[in-house]
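Undergrad: I would like to see how this sequence folds:
(one chain, ligands or ions: 1)
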Amino acid sequence: MSLFELALASRANAYAPYSGFRVGAAIRCADGTLHGGCNVENVAYPEGTCAEAGAIAAMVLAGGREIAEVLVVADGPEPVTPCGGCRQKLAEFASAGTPVILADLAGERARTTVGALLPGAFALSHLGRADG
Ligand code: THU
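TA: Residues are numbered from 1 along each chain as shown. Next comes the predicted model:
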């Protein structure tokens, strides 16, 4: 299964009764495994979670710690980019050059990187600790 196929299949299970906007995400981990996620909304709107967050959680649950590539799929007038919070969540497990593929239902529409989406990301080095 390709990254796009997994993201599309994940999107099919999205729970988005409030926005009606279904999103799927898929991560290829550095160890070669693939992990999908979908958005899960909540009647208390701020409690909803994005597709990217679900895919990250699935990767971490499986023991993965390094994102090699991530793909986001939605059905909109323009390619959907990860929200600000998800950019920070992705940066936790990715490097600046990690590819982020933006897709619609027909396939890849655009390509960017975690670093381009989140320049000046808050990082461990900002904590000023010896291990940072
Ligand atoms: N959403 C995602 O899941 N990922 C994104 O990259 C952008 C937005 C979700 C959140 C919410 O459930 C719906 O899309 C509309 O904002």
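Undergrad: got the residues of this protein near the ligand?
TA: Within the chain, the positions adjacent to the ligand are 16, 19, 21, 23, 39, 41, 48, 50-52, 72, 80, 82-83, 86 by C-beta under 6 Å from any ligand atom. Just so you know, the C-beta spots here come from the backbone N, C-alpha and C atoms, and that holds for glycine as well.
Undergrad: from those, which would you call buried?
TA: Using 16 or more other C-beta atoms under 10 Å as the burial test, these include 16, 23, 39, 41, 48, 50, 51, 52, 72, 80, 82, 86 as buried.
Undergrad: Among the residues you listed, which ones are in helices?
TA: Per DSSP state H, helices hold the following members of these: 51, 52, 86.
Undergrad: which among those residues gets closest to the ligand?
TA: Distance to the ligand across these (C-beta to the nearest ligand atom) is lowest for residue 51, with 3.8 Å.
Undergrad: thinking again about what came up before, rebuild the ones in helices among the buried ones among the residues of the chain next to the ligand as JSON lines, extending it with distance to residue 66 and pLDDT.
TA: Below are those laid out as JSON lines (distance: C-beta to C-beta, whole Å; pLDDT from 0 to 100):
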{"residue": "51", "distance to residue 66": "19", "pLDDT": "99"}
{"residue": "52", "distance to residue 66": "15", "pLDDT": "98"}
{"residue": "86", "distance to residue 66": "17", "pLDDT": "98"}
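Undergrad: Any idea how many residues pack against residue 42?
TA: Residues within reach of residue 42, counting by other C-beta atoms under 10 Å, total 12.
Undergrad: wait, doesn't it sit right on residue 16?
TA: No - Residue 42 lies out of contact with residue 16 (C-beta atoms under 8 Å); the separation is 10.6 Å.
Undergrad: ok, so what distance separates the residue nearest the centre of the chain from residue 117?
TA: Of all residues in the chain, the one closest to the mean position by C-alpha atoms, centre = their mean is residue 52, 2.9 Å from it. Distance, residue 52 to residue 117, using C-beta to C-beta, to the nearest Å: 11 Å.
Undergrad: So what touches stretch 46-63?
TA: Residues from elsewhere that reach stretch 46-63 (C-beta atoms under 8 Å, 6 or more residues apart in numbering): 7, 10-11, 14, 18, 23-27, 29, 31, 33, 35-42, 65, 67, 70, 72, 82-83, 85-86, 89-90, 92-93.
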